[in-house]
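Asks: sharing a model prediction with you, sequence too.
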Amino acid sequence: MNGPAATMRSGGLVSYLEDPNACSLTIEVAGHHERDRHTYYDVKGTAGGHAWAVSKRLVELRQLHDRVVAGLGRAAYEQRFAGVKF
């Protein structure tokens, strides 16, 4: 299998972001809610025509963020996500 879905499975998010032929990937924090004294962020996304939604704590989002920065390199990350606050 070729294309974005195969890239996501074989190389993860960073490989997907680096693939200029990949379809668009969107990730949005749509809100937040409290559960068991913790704040959970409502994350929605689309990739390859598929939509998904999940609730994650900030520590889990930080782990994803750190992996993307490490995979792309700090300079490429800052260029790609200039002005976007984490």
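Replies: Cool, the structure landed.

Asks: residues near V29, how many?
Replies: 11 (other C-beta atoms under 10 Å). Placement of C-beta: from N, CA and C, glycine included.

Asks: in this structure it contacts D42, no?
Replies: Yes. Between V29 and D42 there is a contact at 6.9 Å, judged by C-beta atoms under 8 Å.

Asks: got phi/psi on the residue most central in space within the chain?
Replies: Against the mean C-alpha coordinate of the chain, by C-alpha atoms, centre = their mean, the closest residue is I27 at 5.8 Å. Phi and psi for I27, reported as degrees, to the nearest 10, are phi -140, psi 130.

Asks: the helices in this structure, which residues?
Replies: With helices called from DSSP state H, the chain shows them at 4-18, 58-72, 74-80.

Asks: before we move on, the earlier item: okay, and the beta partners of the residue nearest to the centre of the chain?
Replies: G45 (DSSP bridges).

Asks: just name the shakiest helix or strand of this structure by mean pLDDT.
Replies: Within the chain, judged by mean pLDDT, DSSP states H and E, the helix or strand with the poorest mean is helix 4-18; its value is a mean of 48.
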